[in-house]
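Chemist: Dropping a prediction and its sequence here:
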Amino acid sequence: MVRCRRFFCCCCPNRCSRSKDYEQAPGEEPLTKAAEEEESPTTEQQPQQQSEDMPANVHQKARTEVYQGAPDDKKRYQIKDSEVAWNIELPSYAPVLYTQEKILTDKPVWADPDVADDGFENIKFNEMDGNVNRVSYNGKYDLEELEGKKVPRNPMGRTGMRGRGLLGKWGPNHAADPIVTRFKRDKDGNIEKQGDKPILEFVAIQRRDTKEWAIPGGMVDGGEHVSATLKREFGEEALNSIEEEQKEETKNLITEFFKAGDKIYEGYVDDPRNTDNAWMETAAYNFHDDDGKKAGKIPLNAGDDAQAVRWMAIDSGIQLYASHKDFIRKVCEKLNAHF
Ligand code: BGC
């Protein structure tokens, strides 16, 4: 089946849509056991809670004054750290209402209807809604009123903006992040160290939208397995336009390599696009190439939504998109590598 590289591209805020009848491509394999067990969203929900893994600095990027990527410098209503939690009374709170014009007027298939549109009432929050996963990794989310309708409320607190901003779905918008790593080696093939710990490198892309370096992740398509998203996004973002003759060999290598991934994080992400009613969640998996002879050998080539791709050495000084640095730190802990 022909798989359009532009469909549901990860980083593009104006994502175009994959056809509704998208199916898992033949030969796509599930992830490791651990990954598989976690895959299917369940409708049996735990009460809303803050994930244990949640980085402490929640709503830093999702509270920046200028809302990144929106035309005419949309600004968020500014609140203090101490005012983020919903259980703090804030009668003066006046979040800015914003949903991208393109979403409201073009009504792309990847986006939900707006509150006043036909079909809004049929959305089933907190459950699998047809092939759209509206279940949050962080448990059952509350609903709040917006223009007389009930919309999801951000489980991590206030962001200073209502509506969906640049995001298509009300509530959770699900992504997946493949963290592909290898050890940094010198020209003789010896692993480079900092102190007594090996230095890791990961495949990083530079996003076109914010220009920040990031993991080559992307949105989970309706009905798609996270395992398929991880592999697809890596292919689209980091391996674009590889030479034809290399393609088959590379495809097989990737298929093999992506069979064994370790779950690093699943849950809410402090993404700059988040609003009080729409937010990003991700499943991040590490695929480590211990001897550097598998993924370590694959030629990298930036895809549509990336302006550059490279192996980036990991150190606590790196600055990355959204919560990506937290995921990378966890990978280093897992592999007992330098951070
Ligand atoms: C990106 C992922 C990221 C997620 C949440 C997606 O658009 O492609 O890499 O983790 O947003 O920030």
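Modeler: Great, that's in hand.
Chemist: Now do the contacts for the closest residue to Ala302 other than its chain neighbours.
Modeler: Among residues not flanking Ala302 along the chain, Val309 sits closest, at 4.3 Å (C-beta to C-beta, 6 or more residues apart in numbering). Backbone N, C-alpha and C define where each C-beta goes, glycine included. Contact analysis of Val309 by C-beta atoms under 8 Å, 6 or more residues apart in numbering lists 203-206, 216, 237-238, 300-303.
Chemist: Now a ChimeraX select for only the buried ones of these.
Modeler: Applying 16 or more other C-beta atoms under 10 Å to the contacts of Val309, the buried members can be selected in ChimeraX as follows:
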select :203,204,205,206,216,237,238,300,302,303
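Chemist: got a list of what Gly119 touches?
Modeler: Contact analysis of Gly119 by C-beta under 8 Å, 6+ apart lists Pro113.
Chemist: Would you mind listing where the stretch 101-250 of the chain has pLDDT under the threshold?
Modeler: Scanning the stretch 101-250 of the chain with the threshold set as pLDDT under 70 gives 241-246.
Chemist: For it, which residues are neighbours of the ligand?
Modeler: Residues of the stretch 101-250 of the chain found near the ligand, taking C-beta under 6 Å from any ligand atom as the criterion, are 175, 177, 214-215, 217-218.
Chemist: between these, which has the most around it?
Modeler: Within those, most neighbours by other C-beta atoms under 10 Å means Ile215, with 32 neighbours.
Chemist: Leaving out the residues flanking it, which one is nearest to that one?
Modeler: Computed as C-beta to C-beta, 6+ apart, the closest residue to Ile215 that is not its neighbour in sequence is Asp177, at 4.4 Å.
Chemist: quick check, the one you found in a helix?
Modeler: No. Under DSSP: H, G, I helix; E, B strand; the rest coil, Asp177 sits outside any helix and is assigned strand.
Chemist: Identify the residue of the stretch 51-200 of the chain closest to the ligand, quick one.
Modeler: Residue nearest to the ligand within the stretch 51-200 of the chain (C-beta to the nearest ligand atom): Ala175, separated by 3.8 Å.
Chemist: same check, this time on the chain
Modeler: For the chain, C-beta to the nearest ligand atom, closest residue to the ligand: Gly217, 2.8 Å.
Chemist: Tell me if I'm right that that residue and Pro178 touch.
Modeler: Yes. With contact defined as C-beta atoms under 8 Å, Gly217 reaches Pro178; the gap is 6.7 Å.
Chemist: Overlap of the contact sets of those two?
Modeler: Common contacts of Gly217 and Pro178 (C-beta under 8 Å, 6+ apart): 230, 233.
Chemist: List the beta-bridge partners for the residue nearest to Ile215.
Modeler: Beta-bridge partners for Asp177, by DSSP bridges, are Ala284.
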